[in-house]
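**Student:** need a 3D model of the following:
(one chain, ligands or ions: 3)
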Amino acid sequence: MLFPNGAALASEEARSMSQETEEQYRSIFENAVEGIYQTTVDGRYLRVNPALARIYGYDSPADLTDNLTDIAGQLYVDPGKREAFARAMAERDVVQNFEARVFRRDGSIIWITENARCVRDAGGRIRYYEGTVQDITERKRHEEKIRLLATVFESVADGILIVDPDLTVQAVNPAYEVMTNFRRDELLNRPLVLFAPGSHERIFIEDIWRTARSDGRWQGEVTSFRHSGDAFAASLSVNAVRSPGGTLEHYVLTLADISQRKYQEHQIRYQASFDRLTDLPNRWLVCERLEEAILRAQRTRTKVAVAFLDLNRFKQVNDTLGHHAGDDLLKLVAKRLRNCTRVADTVGRLGGDEFLIVAPDAADRASGARLVEKVLYSMGEPFAVHNQELFCGASIGLAFYPDDGETADQLLRNADLAMYHAKRNPEQKYVFYETGMRERSGFTLGLESDLRRAASNGEEFELHFQPKVDTNPRRVIGAEALIRWRHPARGLVSPAEFIPLAEETGLIWEIGAWTLREACGRLSGWLASGLDLASVSVNLSPRQFQDARLVSFVRNVVESTNIPPGRLELELTEGAMIGDIEKAVTILNELKDIGVRLSIDDFGTGYSSLAYLKRFPIDTLKIDRSFVRDIVKSATDPAIVGTIVNLADSLGFDTIAEGVETEEQAEMLRQQRCTRIQGFLISRPLDVVAFERFVAESNVGV
Ligand code: C2E
Ligand code: MG
Ligand code: MG
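**Tutor:** Numbering: from 1, shown residues only. Ligands and ions are numbered 1, 2, ... in the order given. So this is what the prediction gives:
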């Protein structure tokens with residue numbers, strides 16, 4: 001009993017004793033760290049000690065008793081608490097560890113715990129309650145945190161393991177069980193086995209624990225494993241938990257399964273680096289490999305060969321057999337390219353029908369040439385696509401590090417340019433890059449879309465005509481129609497520049513059709529107006545020649561313009577006819593059947609063997625201007641021209657020389673019995689008006 005009733009003590013001694021006791025009790029009361037109180041049953045304070053005033057935020061005990069007059073209403077955050085308190089008192093006379101949230105004077109809320117009892121009078125009626133109060137807010141917060149942590153531990157997606165400093169497993173959360181399929185009881189109180197066997201070096205693992213110990217934390221990617229033994233990639237963080245005194249108590253390991261992410265990363269990297277159709281490295285990756293090869297070659301002082309390959313008839317396959325066939329062809333090409341290159345070489349697809357071969361440590365240019373010859377040889381075999389045998393062929397441009405470029409980009413561009421030259425020259429299946437090629441090629445980047453537009457309406461094209469004359473006696477025997485493209489921004493674009501582009505892009509059909517119609521229409525007009533031109537020749541490029549529509553188209557134009565078919569001459573290059581000779585002969589015969597004349601343009605520049613010339617139903621051989629150019633200077637060219645003329649004679653062909661610029665050349669040609677000439681000596685190609693004037697002025701009948 002804390003406050004014995006002093007009045008009950010009688011004697012002086014007793015009084016002084018009781019005073020002493022009272023002092024002691026008062027001191028305890030005043031100095032206790034716990035709050036101490038007496039309250040009435042209906043909830044008012046009788047006495048409180050300073051600690052309680054402090055806990056509740058009042059200045060003094062008196063401040064508290066004066067102002068806090070309704071415990072149920074003012075103190076408890078939940079007023080129902082007072083009722084529970086009173087009920088417990090009524091039933092058991094005591095409450096123990098009665099926890100409640102209460103308002104302090106300033107309105108803030110704290111947690112308290114109370115121990116109290118009921119004080120009754122002799123008749124058993126309750127006189128008052130007395131009790132002690134402790135502020136347990138700190139503890140409550142801590143408990144709350146623990147509960148929160150426990151919830152997290154139980155519910156996060158990441159696996160969590162808590163281990164002793166000696167790495168014995170103390171706790172495992174459900175996510176870890178789900179992730180690994182290990183059951184808790186298989187892990188608890190056993191040594192931690194986290195890493196997939198053989199996946200990490202010992203020093204790596206030791207470093208994890210050393211770092212966690214010294215820095216408090218380690219984080220990184222590891223290979224863990226599941227119950228089945230399957231390894232999986234995980235992101236692991238290890239946190240060291242120390243006591244306030246600094247003793248290492250636990251490690252908390254958090255583990256996230258990142259195998260899915262890894263897989264996706266791999267997929268993305270794969271998709272970003274490989275061509276989906278052919279499974280070959282794509283442009284990005286092949287360039288990267290080229291860069292690596294360059295770095296190596298720098299160290300070893302070797303060469304790197306870069307071969308830029310473009311299929312010759314891909315567009316045709318796509319157009320005639322459909323995209324599926326085109327795709328299949330590309331796959332077969334990819335396979336073949338891989339088969340005929342070495343493991344150290346990289347074959348990549350740049351897009352469309354373009355491929356790149358990077359051959360590191362090419363000893364010299366000759367070995368690069370051997371490589372592409374091998375490639376071309378294998379590309380020469382037919383491809384079986386959709387139950388058909390397709391011949392596709394390829395053009396290759398070759399560039400070498402360091403001769404033709406220092407960077408991957410330069411090498412790629414130069415190999416591309418060389419390929420472009422190979423394309424333009426059907427006889428040359430591969431071409432080495434040479435300096436100055438770019439200037440000579442008048443490179444046509446950006447021209448393609450313009451050409452597409454021009455081809456669709458024909459409005460930007462015009463035909464010029466270059467007279468052909470016979471010098472013995474001098475008379476105009478015809479004219480060659482030469483196309484001109486008046487590009488709205490670039491001005492006149494040379495056919496030497498855009499015809500190869502038109503060939504490559506397939507636009508040549510439209511353009512060729514326009515030329516033929518225009519030339520025949522013009523001839524028809526001239527004939528009607530009395531300008532009796534013996535012939536107009538029109539150039540056909542190889543691709544046009546091979547187009548299945550050609551024969552009927554020529555027939556249609558001849559018929560619709562109503563010209564005598566013998567006045568139309570078609571100029572073909574040898575390149576158009578190499579390859580499938582039988583097919584070429586058939587087409588030539590069909591054309592011949594229409595009644596048109598045929599001539600072989602640029603004769604002497606191709607590889608065509610003279611042997612099969614006699615099988616071609618040809619009317620004229622047109623001697624290439626390279627022979628004409630050198631005929632005066634060179635000792636052999638006059639002889640070559642002579643041979644050509646003789647050969648032509650014996651086969652029943654006419655001959656004509658093109659590119660004649662000087663009287664001297666004309667004279668030399670005459671000596672070789674070639675009297676028909678075409679060239680600047682007679683006239684440049686002329687627009688229609690100038691050409692008509694030219695014919696009128698030459699006024700030697702036509
Ligand atoms: P090509 O059929 O050999 O035409 C002769 C080329 O030589 C023309 O060049 C002409 O202007 C040029 N030339 C004529 N006389 C001389 C001369 O004395 N000296 C020199 N140095 N050159 C001379 P152009 O018009 O630039 O045509 C170049 C090539 O483009 C033609 O060569 C032909 O292969 C092609 N081409 C021109 N028009 C057409 C066309 O309508 N269709 C097709 N498929 N190709 C065409
Ligand atoms: Mg020509
Ligand atoms: Mg020519």
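
**Student:** tell me which element Asp470 is part of?
**Tutor:** strand 461-471 (DSSP states H and E).

**Student:** and stretch 497-507, how far out from the chain's middle?
**Tutor:** 29 Å (Cα atoms, centre = their mean, to the nearest Å).

**Student:** identify the residues contacting that stretch?
**Tutor:** 315-316, 319, 420, 423-424, 442, 444, 447-448, 451-452, 455, 483, 485, 508, 511, 541-543 (Cβ atoms under 8 Å, 6 or more residues apart in numbering). For glycine as for every other residue, the C-beta is placed from the backbone atoms N, C-alpha and C.

**Student:** and Ala366, what are its phi and psi?
**Tutor:** phi -60, psi -40 (degrees, to the nearest 10).

**Student:** work out for me the element the residue in the stretch 101-250 of the chain that ligand 3 sits nearest to sits within.
**Tutor:** The stretch 101-250 of the chain approaches ligand 3 most closely through Ala233 (66.1 Å), counting by Cβ to the ion. Using DSSP H and E, Ala233 falls within strand 231-242.

**Student:** ok, the helix or strand just after that strand: who's next to it in the sheet?
**Tutor:** Counting by DSSP H and E, the next helix or strand C-terminal to strand 231-242 is strand 248-257. The pairing partners recorded for strand 248-257 under DSSP bridges are strand 159-163 (antiparallel), strand 231-242 (antiparallel).

**Student:** just the helices in the stretch 501-650 of the chain please.
**Tutor:** Under the criterion DSSP state H, counting those that start in this stretch, helices of the stretch 501-650 of the chain are mapped to 508-529, 542-546, 550-561, 574-577, 581-594, 625-630, 637-651.

**Student:** hang on, the earlier thing: from what I can see the residue of the stretch 101-250 of the chain closest to ligand 3 touches Thr223, true?
**Tutor:** Yes: with contacts defined as Cβ atoms under 8 Å, Ala233 counts as touching Thr223 at a distance of 6.1 Å.

**Student:** that older thread, just checking, what packs against the helix or strand following the strand holding Asp470?
**Tutor:** Sequence order places strand 474-487 as the next helix or strand after strand 461-471, per DSSP H and E. Packing contacts for strand 474-487, counted by 3 or more Cβ pairs under 8 Å, 6 or more residues apart in numbering; DSSP states H and E, involve helix 447-457, strand 461-471, strand 491-493, helix 495-505, helix 508-529, strand 536-540, helix 688-698.

**Student:** which one, of those, ends up nearest to Ala334?
**Tutor:** Shortest distance between Ala334 and the helices and strands packed on strand 474-487, using Cβ to Cβ, is found for helix 495-505: 20.8 Å.

**Student:** element containing the residue nearest the centre of the chain, please.
**Tutor:** Residue closest to the mean C-alpha point of the chain, counted by Cα atoms, centre = their mean, is Ala272 at 3.9 Å. Assessed by DSSP H and E, Ala272 sits inside helix 259-273.

**Student:** coming back round to it: can you flag the buried ones in the contacts of stretch 497-507?
**Tutor:** Using 16 or more other Cβ atoms under 10 Å as the burial test, the contacts of stretch 497-507 include 315-316, 420, 423-424, 444, 447, 451, 455, 483, 485, 508, 511, 541-543 as buried.

**Student:** what's the lowest-pLDDT member of those residues?
**Tutor:** Ranked by pLDDT, the buried ones among the contacts of stretch 497-507 bottom out at Thr444, which has 52.

**Student:** Glu663 touches Leu681, doesn't it?
**Tutor:** Yes: using Cβ under 8 Å, Glu663 is in contact with Leu681, at 6.8 Å.

**Student:** show me which of these two is the more surrounded one.
**Tutor:** A direct count of neighbours by other Cβ atoms under 10 Å for Glu663 and Leu681 places Leu681 higher, at 16 against 9.

**Student:** now do the same contact list for Val156.
**Tutor:** So Val156 contacts 173, 175 (Cβ under 8 Å, 6+ apart).

**Student:** now stretch 48-55: average pLDDT?
**Tutor:** Rounded mean pLDDT across stretch 48-55 is 96.

**Student:** same question for stretch 366-373.
**Tutor:** 88.

**Student:** same question, stretch 206-223
**Tutor:** Average pLDDT, stretch 206-223: 94.

**Student:** how far off centre is that stretch?
**Tutor:** Per Cα atoms, centre = their mean, the centroid offset for stretch 206-223 relative to its chain is 36 Å.

**Student:** how about low-confidence regions in the stretch 501-650 of the chain?
**Tutor:** 578-579, 605-612, 635-636 (pLDDT under 70).

**Student:** again with the stretch 51-200 of the chain
**Tutor:** For the stretch 51-200 of the chain (pLDDT under 70), the answer is none.

**Student:** nearest residue to whichever residue of it sits closest to ligand 2 in space, please, no chain neighbours.
**Tutor:** Ranked by Cβ to the ion, the top residue of the stretch 51-200 of the chain for proximity to ligand 2 is Ser199, at 70.9 Å. Counting by Cβ to Cβ, 6 or more residues apart in numbering, Ser199 lies nearest to Thr223, which is 3.7 Å off, once chain neighbours are set aside.

**Student:** so the one you found sits in a strand?
**Tutor:** Yes: with DSSP: H, G, I helix; E, B strand; the rest coil as the criterion, Thr223 is located in a strand.

**Student:** for Asp106, helix, strand, or coil?
**Tutor:** coil.

**Student:** burial measure for it, as a count.
**Tutor:** Asp106: 8 neighbours (other Cβ under 10 Å).

**Student:** quick check: phi and psi at the closest residue to it other than its chain neighbours.
**Tutor:** Among residues not flanking Asp106 along the chain, Gly57 sits closest, at 5.5 Å (Cβ to Cβ, 6+ apart). Backbone torsions of Gly57, given as degrees, to the nearest 10, read phi 80, psi 30.

**Student:** domain parsing for the protein?
**Tutor:** Under automatic domain parsing, the residue ranges defining each domain of the chain are 32-140, 156-262, 274-440, 454-697.

**Student:** including distance to Arg15, could these go into TSV?
**Tutor:** TSV is the format used below for the domains of the chain (distance: least, Cβ to Cβ, whole Å):
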stretch	distance to Arg15
domain 32-140	22
domain 156-262	51
domain 274-440	104
domain 454-697	124
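
**Student:** contact residues of this protein facing ligand 1?
**Tutor:** Within the chain, the positions adjacent to ligand 1 are 466, 482-483, 494-496, 499, 512, 515, 539-541, 571, 601-602, 625, 658-661, 679-680, 685 by Cβ under 6 Å from any ligand atom.

**Student:** of those, which are in range of ligand 2?
**Tutor:** Filtering the residues of the chain next to ligand 1 for proximity to ligand 2 by Cβ under 5 Å from the ion leaves 539, 571, 601.
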